[in-house]
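In: sharing a model prediction with you, sequence too.
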Amino acid sequence: MDASPHWHGSGLTGRRAECGVLDRLIEAVRAGESQVLVVHGEPGVGKTALLEYAIESAAGLRVVRVAGVESEMELAFAALQQLCAPMLGKLAGLPDPQREALSVAFGLETGEAPDRFVVGLAALRLLSAAAGQQPLLCVVDDAQWLDRASALVLAFVARRLLAEPVALVFAADEPGEEFRGLPELAVTGLGEGAARELLGSVIRGPLDERVRDRIVAETRGNPLALLELPRGVPGVPGLSGVAGSRGRIEESFRRRVEVLPAATRRLMLVAAAEPAGDPALVWRAAEQLGIGAEAAWPAADAGLLVIGERVMFRHPLVRSAVYRAASPAERRAAHQALADATDLRADPDRRAWHRAQATLGPDEEVAAELEHSAGRAQARGGLAAAAAFLERAAALTLDPGRRAERALAAAQAKYQAGASDAALGLLGTAEAGPPDELRRARADLLRGHIAFSSSRGSDAPPLLLKAARQFEPLDPQLAREAYLDALAAAIFAGRLALGGGMREVAEAARMAPPPPGPARPPDLLLDGLALLVTEGFPAGAPVLRQAVSAFRGTDVSREEKLRRLWLACYIAGLVWDYASWDVLSDRQVRFARDAGALITLPIAYNIRAGIHLFAGEFAEAASMVAQAESVTEATGSSIAQYGALAPAVFRGQEAHAAHLIQTATDDAGRRGEGAGLSFEQWAAAVLGNSLGHYEQALAAAQQASEDSPTVIFANWALVELI
């Protein structure tokens, strides 16, 4: 936990308006209202100082605080567990499903992966119960570094606080998409007068006015830069390059740390390596290294680190400066001490992670621990955590076959978490292992998945069809799964398919062995789509309606939801079942968010945008489009943004829509996405009909409707054609 106040007198220099916002928030909570606020701004701008002000102002409120830590982003529910830890005495009072979900999420019990919705309800109820005794202020610093699972649950709670006297205040450099739409307070640099006043508080001697002006201008009023850079750089009059950048501030802290005694620096390194902020754990680890309590005094005197009820750094950049300044050997020693000091039964995953960071060469025992931690993380819904554990496990594995298996499992988890480039790198490790036909087929399948999720173009169908054929003699069920993947990819490639087109895939799928038992929802999707392609709409539609109905039921596994729910949404629209399209698309967005499945979120958002669009809810559609764009930007995907075009067309924005249609058409052709061409032609037909340009509309509708009946936009184009 970190603190970086820039107090002056009885308040914060130049922050009267921001403090007023926080004062009103605290008063509202005292009056029994719920409050939520996302404070955001660049590093060092004073967000943590404002949180400290809120805490100091919260007399009569119970305060719970937690901070996200970059190195802990892979540990699912880590931050949520820290936040809820003081309230776990009320856990027994929750309804059984909520108590069990929260217990599994926190690793207190074992069980199936908890439903993220139920975990959110449990956390909400826990906070409400605590606030029933005393108004509650929950402060979450560095929210940009929260683990994904915690961020999603806390955002869920923030949106559902009603009459409870609870305040949730987040601080982040940039608020993530999960916090989009919550009340915000943007914190910018200080005005010139306040900046000069703050600078004067740390430079007591005479200073050339031109140099003072330059410092104020180049730091852009960033309080931490104003406070720290003059201290950290000798000869202030010759200061150069003092823009308020993260690197320069961190360098200033590093210079202040390096003059401290060696034992103090080692203690600070242990604290920096352990993000939980648990002083007992830090002191146990310090004892392992022969560091006494007196080592903390110089760090406290320097205003850099205080170890009291919590471990508190002056600022997150102090933590990163300490960790980066240490040598690899020093870091390993710190992590080993923390591993030895961590209770194996109480927190096996944290212990495994520290052991892994302390290990230099291959170590099967540590790798096996990480593999078990990955399984627990995945069971709790933490895809990113599972991927990190498995990647490190593969790196520590000496046996070539096991190394390849772990690398493949890590690649799969990385892909699902939206890190396609990292997944491809791990695939290379997996494919370098000893020959294994099943592993080769699984690797080819994953390569096809990555190609499909990256562009929805013509590259994916041949790769997926190849994998499906490889699976047939090895695992018939996996073969059917791969054929469904290939068919879905072929639908997107459409008329631009270079190989593995819809007809070829559908005919191969119909020749594949039937399911070994009763048909599951994905089996119905495959059979219905294959019939639709080879025999037409009347033959395939009844089976597809049966598949949609099956996906609306409860007998769908978590894995099937993760991989197939988006396709079930698409099929619901294809067979004109708007009600199921609505239900399934809403379910898909929530499920993908909760699972942290960034790879499926963009298409889920775009499908949901279509629901809002046809309901005339343009603002909601635009929100879905914006969220899809933010995820594709974060994951580096280049998939088409269908959602941005449709609202422009429905609103009759002729020039804007025409530009988007041309851009999207060029993009679809470049990627080999034939379905995209049908979408643009349908959009042009809608625009032409709405503006009375009937000849243009007719030509576009005819082109779109000539596509396969498996392409939903061809069906929509029939309406415009009629």
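Out: Arrived safely, thanks for sending. Residues are numbered from 1 along each chain as shown.
In: tell me where the stretch 1-150 of the chain has helices.
Out: In the stretch 1-150 of the chain, the helices defined using DSSP state H, counting those that start in this stretch lie at 16-30, 47-56, 78-84, 96-105, 116-131, 148-160.
In: where does the fifth one sit relative to the chain's centre, distance-wise?
Out: For helix 116-131, the separation from the chain centroid amounts to 21 Å (computed by Cα atoms, centre = their mean, to the nearest Å).
In: which elements pack onto it?
Out: helix 78-84, helix 96-105, strand 136-141, helix 148-160, strand 166-172, helix 578-595 (3 or more Cβ pairs under 8 Å, 6 or more residues apart in numbering; DSSP states H and E). Every C-beta, even on glycine, is put in place using the N, C-alpha and C of the backbone.
In: now do that helix: everything it contacts.
Out: Outside helix 116-131, the residues that touch it by Cβ atoms under 8 Å, 6 or more residues apart in numbering are 62, 77, 80, 84, 86-88, 90-91, 93-95, 97-99, 101-102, 105, 136, 138, 149, 152-154, 156-157, 160-161, 164-166, 381, 590-591, 593-595.
In: how about the helices of the stretch 1-150 of the chain, which one is nearest E174?
Out: Taking Cβ to Cβ, helix 47-56 is the member of the helices of the stretch 1-150 of the chain nearest to E174, at 11.4 Å.
In: just how off-centre is the closest one within its chain?
Out: 26 Å.
In: cool, and stretch 686-698?
Out: Centre-to-centre, stretch 686-698 and its host chain are 41 Å apart (Cα atoms, centre = their mean).
In: would you put the C-alpha positions of that stretch in PDB?
Out: As requested, the backbone C-alpha atoms of stretch 686-698 are provided in PDB (Å, rounded to 0.1, in the frame of the first residue of the first chain):
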ATOM      1  CA  VAL A 686     -30.600   0.100 -45.400                       C
ATOM      2  CA  LEU A 687     -29.000   3.500 -46.000                       C
ATOM      3  CA  GLY A 688     -30.200   3.700 -49.600                       C
ATOM      4  CA  ASN A 689     -33.800   2.700 -48.700                       C
ATOM      5  CA  SER A 690     -34.000   5.100 -45.800                       C
ATOM      6  CA  LEU A 691     -32.800   8.000 -48.000                       C
ATOM      7  CA  GLY A 692     -34.900   7.100 -51.000                       C
ATOM      8  CA  HIS A 693     -31.900   6.000 -53.200                       C
ATOM      9  CA  TYR A 694     -33.800   2.900 -54.300                       C
ATOM     10  CA  GLU A 695     -31.600   1.800 -57.200                       C
ATOM     11  CA  GLN A 696     -28.500   1.800 -55.000                       C
ATOM     12  CA  ALA A 697     -30.400   0.000 -52.300                       C
ATOM     13  CA  LEU A 698     -31.600  -2.700 -54.700                       C
END
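In: how about the strands in this protein?
Out: Using DSSP state E, the strands of the chain run over residues 7-8, 11-12, 35-40, 62-67, 136-141, 166-172, 184-186, 305-307, 311-313.
In: just checking, what packs against the fifth one?
Out: Looking back up the chat, that one is strand 136-141. Packing partners of strand 136-141 (3+ Cβ pairs under 8 Å, 6+ apart): helix 16-30, helix 47-56, strand 62-67, helix 78-84, helix 116-131, strand 166-172.
In: would you list the strands that it pairs with, along with their directions?
Out: Strand 136-141 has the following strand partners under DSSP bridges: strand 62-67 (parallel), strand 166-172 (parallel).
In: okay, buried residues for the first one please.
Out: Translated: strand 62-67. 62, 64-67 (16 or more other Cβ atoms under 10 Å).
In: of those residues, which one scores lowest on pLDDT?
Out: Taking these together, the minimum pLDDT is found at A67 (85).
In: in contact with the residue nearest to that one when sequence neighbours are not counted, which residues?
Out: Distance criterion Cβ to Cβ, 6 or more residues apart in numbering; nearest residue to A67, sequence neighbours excluded, is D141 at 4.1 Å. Contacts for D141 were tallied using Cβ under 8 Å, 6+ apart; they are 1-2, 47-48, 51, 65-68, 171.
In: and D141, how far is that from S420?
Out: 31 Å (Cβ to Cβ, to the nearest Å).
In: what separation is there between A568 and A621?
Out: 21 Å.
In: before we move on, what about V63?
Out: Look at V63 and A621: by Cβ to Cβ, they are 40 Å apart.
In: and M502, by the same measure?
Out: Taking Cβ to Cβ, one finds M502 at 29 Å from A621.
In: neighbours of T554, how many?
Out: By the criterion of other Cβ atoms under 10 Å, T554 has 4 neighbours.
In: can you give me phi and psi for it?
Out: When quoted as degrees, to the nearest 10, the phi and psi of T554 stand at phi -100, psi -10.
In: work out which residue lies at the spatial centre of this structure.
Out: R148 (4.8 Å; Cα atoms, centre = their mean).
In: quick one: contacts for the residue lying closest to R495 once chain neighbours are set aside?
Out: Counting by Cβ to Cβ, 6+ apart, R495 lies nearest to G674, which is 3.9 Å off, once chain neighbours are set aside. By Cβ under 8 Å, 6+ apart, the contact set of G674 is 458, 492-497, 668, 707, 711.
In: G425: neighbour count?
Out: For G425, the neighbour count with other Cβ under 10 Å is 15.
In: ok, now how distant is E274 from A286?
Out: Look at E274 and A286: by Cβ to Cβ, they are 10 Å apart.
In: what's near enough to touch L498?
Out: By Cβ under 8 Å, 6+ apart, the contact list for L498 reads 458, 462, 672.
In: wait, doesn't the last one sit right on G457?
Out: The one in question is G672. Yes - with contact defined as Cβ atoms under 8 Å, G672 counts as touching G457 (3.9 Å).
In: so which of the two has more stuff around it?
Out: Neighbour comparison, G672 and G457: the larger count goes to G457, with 28 against 21 (by other Cβ under 10 Å).
In: contacts only, for that one.
Out: 451, 492-493, 496, 671-673.
In: C19 and Y53 touch, don't they?
Out: Yes - contact between C19 and Y53 holds when scored by Cβ under 8 Å: they sit 5.8 Å apart.
In: the two: which has the busier surroundings?
Out: Y53 (21 against 15).
In: separation between the more buried one and L25?
Out: When Y53 is compared with L25 (using Cβ to Cβ), they lie 11 Å apart.
In: kindly report the same for A685.
Out: 51 Å.
In: then W716?
Out: In terms of Cβ to Cβ, W716 sits 47 Å off from L25.
In: what's the end-to-end length of stretch 703-713?
Out: When the termini of stretch 703-713 are compared using Cα to Cα, to the nearest Å, they are 11 Å apart.
In: what does that stretch rub up against?
Out: The contact list for stretch 703-713 (Cβ under 8 Å, 6+ apart) reads 491, 494-495, 502, 529, 532-533, 536-537, 570, 573-574, 674-675, 678-679, 681-682, 685, 714-718, 720-721.
In: E274 - how many residues pack around it?
Out: 25.
In: with E365 instead?
Out: 10.
In: go on, the one 5 residues further on?
Out: Residue crowding around L370 was assessed by other Cβ under 10 Å; the count is 31.
In: distance of the nearest residue to it once chain neighbours are set aside relative to A423?
Out: Using Cβ to Cβ, 6+ apart and skipping the chain neighbours, the partner closest in space to L370 is A393 (3.8 Å). Separation of A393 from A423 (Cβ to Cβ) stands at 15 Å.
In: of the two, which one has the most company?
Out: A393 (29 against 26).
In: check that one and give its pLDDT.
Out: 93.
In: got it, and the one 5 residues further on?
Out: In the prediction, the pLDDT value recorded for L398 is 93.
In: cool, the one 3 residues further on as well?
Out: Taken from the predicted model, the pLDDT recorded for G401 is 94.
In: tally up the residues packed near the residue lying closest to it once chain neighbours are set aside, please.
Out: Once flanking residues are discounted, G401 sits nearest to P434: 5.2 Å by Cβ to Cβ, 6+ apart. Using other Cβ under 10 Å, the number of residues around P434 comes to 10.
In: so P434 touches A404, yeah?
Out: Yes - with contact defined as Cβ under 8 Å, P434 counts as touching A404 (7.0 Å).
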